[in-house]
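> 3D model of this:
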Amino acid sequence: MCGIAGILCPSIDLRDKKPLIESISRTLRQRGPDSKGEFVTRSAALIHRRLAVVDVEKGAQPMRFGKYIIAYNGELYNTDEIRNELKKSGYSFDTHCDTEVVLKAYHKWKEKSTEKLNGIFAYAVYDEEEKSLFIARDRIGVKPLYYSKVGELFAFASRIASLLCIDAIKPIVDENGLNEIFMLGPAKTIGSGIFRDIKELPPASYMTYKDGEINIKSYWKLEAAEQNESSDDAIEHTHYLVKDSIERQLVSDVPLATFLSGGLDSSIISKVASDYYKKQGRTLNTYSVDYVDNNKYFKKSLFQPNQDADYIDMISDYIGTEHHNIVLDNSDVADALKDAAIARGTPAFADVDSSLLLFCREVKKDFTVCLSGECADEIFGGYPWYHRKEILFEECFPWSRSTGVRHSLLKDGFLKSGDEYAKNAYLQTVKATDTLDTDSPLEKRMREMFMLNLSYFMQTLLARKDVMSMEASLEVRVPFCDYRLVEYAYNMPWSIKALDGREKGILRKAFENELPYEIAWRKKSPYPKTHNPIYFGKVCDLAKKAIADKSTPLYEIIDKTAINNLIENPDSMTEPWYGQLMKTPQVLAYIYQIYEWIKNYNVEFEI
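The predicted structure is shown next:
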C-alpha cells in the first residue's frame, strides 16, 4: 500500500515548488516509508510514497507507459487474470506488480478498465499530452481519495493533511461540515471531506479532470436481482466466495499475518489462511488486542455478551497458529487519541481508533501485511439492529436513532438544522436503494438496511482501519469487502442470510464444519474496548482541558455544564451516540479529539 497525491495548475510553475512537493510527500511518509518518487512538469505533479509489498525491487512509482504516468495505492486480487488478458493483446511486462497491470489496463481500456479490477485501490493516471487526469477508487471504498478545486488549482491526495499543505486550500468547516461532525460523526456522508474546500471521491467512482472541468461517474452499484438458490446451494456458494476472497488476498512478497479476535469472522479468515500456509509448510501468525486489567472491569451487555479472551486460545490451538496477544496500557490508549485524530484529518472514532493505532504499531514490528474480518456484519446481517423488530422499521440510522444526546452537548440553538441534516442523509440513502417489485416489506427493508450499513457504518470502520493501519505503515486487507461477495449477499433472501434465526446464519453454516462449535455459533461481539476506569479518568481530564480552552472555536459551541454532568454521571447517557462502541468514555474522547483536530489543523468554523 502507498500514499499518493497530485497537483494540476496552469498558472504556477510546479518545478519551482519543490518545498511544497516535499511537504506533501512528508505527510504521506507513514503510508509509504520504503521509498518515494515524484513526477513534476510545469503544470502537473504526481507524488508517491511506497510501502513495498509485491515486487519490492521493481515496483517504483510514479510509473510511466507511453504518455501515461500513474500514481497508485492499492492491491489487486485478480492481477494474473488481467495481465494474461493484456498479454494476449500484445502487451509485455517488466514487473510482476499490480501497478504495471493497472497502468496498461488503462492504456488499453481507459475508464472501462475500472470494471475489470477486483481489489482495493485509489490511483491517478496523468495524460502528459492531453494535460488531463483520471482518478479512480475501488468499489467498496477501502482506499481513501480526497480532492480539492480552488480557482485554477486542482489537487488530490490519500490524506486530508496532504491537501492542507497547499495555501489555497483553507481549513474552514462550514455548517454542513459541523453537521457531519456533531450530527453524524464519527460517520460521515459519502463524498464529504468535512472541510469546505475538500471532497471525497465516492467509492466505485472515477473522475476525469481537464481544463478546469471535473466529471465524476459511477462505474458500479448494487442492483437488486432475484436469487433463487436453495439454502444448501447458498451455503456452498457463500463458502466458495469467502474462501476464494481470502486466498486471493494472501499474496504477498513480505511477511503476512491475520487479526484474530475469537469471533466468527476473524476465525474464518485465520482458518483459511492457516490451511493455505500449511500446504506450503508454513505456520500462520495471528494477533489479538486487549487492555491491562480489562477482565476485572468487563460488564456483559447486549452488544458485548462475552470476552474475546475466552475464545482466542481455543481457535488458535484448533487451527495451529502462532498467536500473539497485544495488551495495551490504558493511559497509552488515551494519549494516542490525539495521534489518531491528526492521522484521520477529521474527528476520529475515540479509543476505537487510538487502540487500533497502537495495536497496528505493535504488529508492524514483525509484519507488513495483515488480513482482518471487517464488514461481514454489514453484509451478512450481524448487528443487533438487523434483528430487533422494535427498531428495524424506524426511519433513522439504527446505530444513532436520535440526535438528542448530540444536541444536549451543544449550546442551545447551535446547529438548528441538525435534525433535518441527519434525517436527509438517512432518506437519501434509502431512496437510492435498488429493490424489486416482488420484494416483501421485510426484504425491501433489509435491502435498505444493507445500504445504510454499507454507506455509513461500514465506511466508518473502513476509514478507521485504513488510516490507523497505514499510520503504522501496516497494510490491512479486508476479504469480506470483495465486491463479488457484497453483490451476492445483497440479493440473498433474509430467510437464508439469517439461517436458523441467527445473525450471520448463512456464514456460520458455511464454515461450521471447519471451526469449533463454540466459535462457529458464538454470539456476535464487537471490537474490544477498554472497560478500565483508568482510561475513563484520563479522558475526563482531557475533555475538561478541551472545553476550558478559550482559544478554539469549540469553546463557543460546547455546553460545558452538560459535559461536566456527563463526567460526574457517566451512566446518565442512556441513548447511544454511535451504536455499540460509543458510550460516555468514548463521547468524551470524541470531544477531546475534535479539540486536538482543531488545534493541529488551525480549523475555523464558518457558520
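
> pairing partners for residue 70 in the sheet, please.
Beta bridges link residue 70 to residue 63, residue 125 when assigned by DSSP bridges.

> just to check, it is in contact with residue 105?
No. Residue 70 is beyond contact range of residue 105, at 10.3 Å (criterion: Cβ atoms under 8 Å). (Glycine included, C-beta is placed from N, CA and C.)

> and these two? Which one has more around it.
residue 70 (25 against 22; other Cβ atoms under 10 Å).

> tell me which residues touch the more buried one, please.
46, 61-64, 99, 102-103, 106, 123-126 (Cβ atoms under 8 Å, 6 or more residues apart in numbering).

> and the pLDDT at it?
Confidence at residue 70, expressed as pLDDT, is 98.

> hmm, back to that, redo the contacts of residue 70 as JSON lines? Include distance to residue 173 and pLDDT.
As requested, these are arranged in JSON lines below (distance: Cβ to Cβ, whole Å; pLDDT from 0 to 100):
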{"residue": "46", "distance to residue 173": "28", "pLDDT": "98"}
{"residue": "61", "distance to residue 173": "33", "pLDDT": "94"}
{"residue": "62", "distance to residue 173": "32", "pLDDT": "97"}
{"residue": "63", "distance to residue 173": "36", "pLDDT": "97"}
{"residue": "64", "distance to residue 173": "38", "pLDDT": "97"}
{"residue": "99", "distance to residue 173": "35", "pLDDT": "96"}
{"residue": "102", "distance to residue 173": "34", "pLDDT": "98"}
{"residue": "103", "distance to residue 173": "36", "pLDDT": "98"}
{"residue": "106", "distance to residue 173": "35", "pLDDT": "98"}
{"residue": "123", "distance to residue 173": "28", "pLDDT": "98"}
{"residue": "124", "distance to residue 173": "26", "pLDDT": "98"}
{"residue": "125", "distance to residue 173": "31", "pLDDT": "98"}
{"residue": "126", "distance to residue 173": "30", "pLDDT": "98"}
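
> and the residues you listed, which are buried?
Buried residues within the contacts of residue 70, counting neighbours by 16 or more other Cβ atoms under 10 Å: 46, 61, 62, 63, 99, 102, 103, 106, 123, 124, 125, 126.

> for the first one, name its beta-bridge partners.
Note on residue 46: beta-bridge partners residue 6, residue 39, judged by DSSP bridges.

> distance check, it against residue 232.
From residue 46 over to residue 232 the distance is 51 Å, taken as Cβ to Cβ, to the nearest Å.

> again with the second one
In this view, residue 61 and residue 232 are 47 Å apart by Cβ to Cβ.

> show me how far stretch 500-520 is from its chain's centre.
Offset of stretch 500-520 from its chain centre (Cα atoms, centre = their mean, to the nearest Å): 26 Å.

> before we move on, what about stretch 198-216?
Stretch 198-216 has its C-alpha centroid displaced from the chain centroid by 20 Å (Cα atoms, centre = their mean).

> now stretch 247-267
17 Å.

> how about stretch 451-466?
Averaging C-alpha positions (Cα atoms, centre = their mean) puts stretch 451-466 6 Å from its chain's average.

> now that stretch: mean pLDDT?
Across stretch 451-466, the per-residue pLDDT values average to 97.

> buried ones in that stretch, by neighbour count?
By neighbour count on 16+ other Cβ under 10 Å, the buried set for stretch 451-466 is 451-466.

> stretch 202-218 now?
Those would be 202, 203, 204, 205, 206, 207, 208, 209, for stretch 202-218 by 16+ other Cβ under 10 Å.

> also stretch 550-559?
Neighbour count says stretch 550-559 has 552, 554, 557, 558, 559 buried, by 16+ other Cβ under 10 Å.

> go through those and say which is closest to residue 479.
Distances from residue 479 to these, taken as Cβ to Cβ, are shortest for residue 554 (39.3 Å).

> would you double-check that the closest one falls in a helix?
Yes. Residue state for residue 554 (DSSP: H, G, I helix; E, B strand; the rest coil) corresponds to a helix.

> report the contact partners of it.
Applying Cβ under 8 Å, 6+ apart to residue 554 gives the contacts 546, 547, 591, 594, 595, 598.

> and the first one, what does it touch?
Shown in contact with residue 546 (Cβ under 8 Å, 6+ apart): 554, 558, 591, 592, 594, 595, 596.

> check which helix or strand covers it.
helix 533-548 (DSSP states H and E).

> can you list the buried residues in that helix?
For helix 533-548, burial by neighbour count (16+ other Cβ under 10 Å) applies to 534, 535, 536, 538, 539, 540, 542, 543, 544, 546, 547.

> distance from the chain centre to that helix, please.
With Cα atoms, centre = their mean, you get 27 Å for helix 533-548.

> who touches the next helix or strand after that helix?
Where DSSP H and E defines the elements, the next helix or strand beyond helix 533-548 is helix 560-568. For helix 560-568, the external contacting residues (Cβ under 8 Å, 6+ apart) are 408-409, 540, 543-544, 547-548, 572-573, 584, 587-588, 591.

> repeat that for 7 Å
Applying Cβ atoms under 7 Å, 6 or more residues apart in numbering, the contact partners of helix 560-568 are 408, 409, 540, 543, 547, 572, 573, 584, 588, 591.

> between these, which is nearest residue 386?
residue 573 (23.8 Å).

> does the closest one touch residue 582 like I think?
No. Counting by Cβ atoms under 7 Å, residue 582 is not a contact partner of residue 573; they are 9.5 Å apart.

> for residue 153, what are its contacts?
Per Cβ under 7 Å, 6+ apart, neighbours of residue 153: 7, 9, 168.

> any idea how far it lies from residue 40?
As judged by Cβ to Cβ, residue 153 and residue 40 stand 15 Å apart.

> how about the helices of the stretch 251-400 of the chain, start to end?
In the stretch 251-400 of the chain, the segments counted as helices under DSSP state H, counting those that start in this stretch are 264-278, 294-297, 309-319, 330-344, 350-364, 376-380, 389-392.

> count of residues packed around the residue nearest to residue 354 when sequence neighbours are not counted?
Closest residue in space to residue 354, ignoring its immediate chain neighbours: residue 336 at 3.8 Å, by Cβ to Cβ, 6 or more residues apart in numbering. Around residue 336 there are 22 other residues, counting by other Cβ under 10 Å.

> can you read off the pLDDT for residue 336?
We have a pLDDT of 98 for residue 336.

> quick one: contacts for the residue most central in space within the chain?
In the chain, the residue lying closest to the centroid (Cα atoms, centre = their mean) is residue 462, at 1.5 Å. Neighbouring residues of residue 462 by Cβ under 7 Å, 6+ apart: 141, 142, 374.

> what's the pLDDT at the residue nearest to the last one when sequence neighbours are not counted?
Spelled out, that is residue 374. Residue nearest to residue 374 in three dimensions, not counting chain neighbours: residue 478, with 4.8 Å by Cβ to Cβ, 6+ apart. According to the predicted model, the pLDDT of residue 478 comes to 97.

> what comes into contact with stretch 418-437?
179, 182-184, 189, 222-224, 226, 395-397, 403, 407, 444, 447-448, 451-452, 455.

> same deal with stretch 526-539?
289-294, 297-299, 303-304, 308, 330-331, 333-334, 351-352, 580-581, 585, 588-589, 592.

> name only those of the residues you listed that count as buried.
289-292, 294, 298, 304, 308, 330, 333-334, 351-352, 580-581, 585, 588-589, 592.

> before we move on, the earlier item: output the contacts of helix 560-568 as JSON lines; include the columns pLDDT.
Formatted as JSON lines, these follow (pLDDT from 0 to 100):
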{"residue": "408", "pLDDT": "95"}
{"residue": "409", "pLDDT": "96"}
{"residue": "540", "pLDDT": "98"}
{"residue": "543", "pLDDT": "98"}
{"residue": "547", "pLDDT": "97"}
{"residue": "572", "pLDDT": "91"}
{"residue": "573", "pLDDT": "89"}
{"residue": "584", "pLDDT": "95"}
{"residue": "588", "pLDDT": "97"}
{"residue": "591", "pLDDT": "98"}
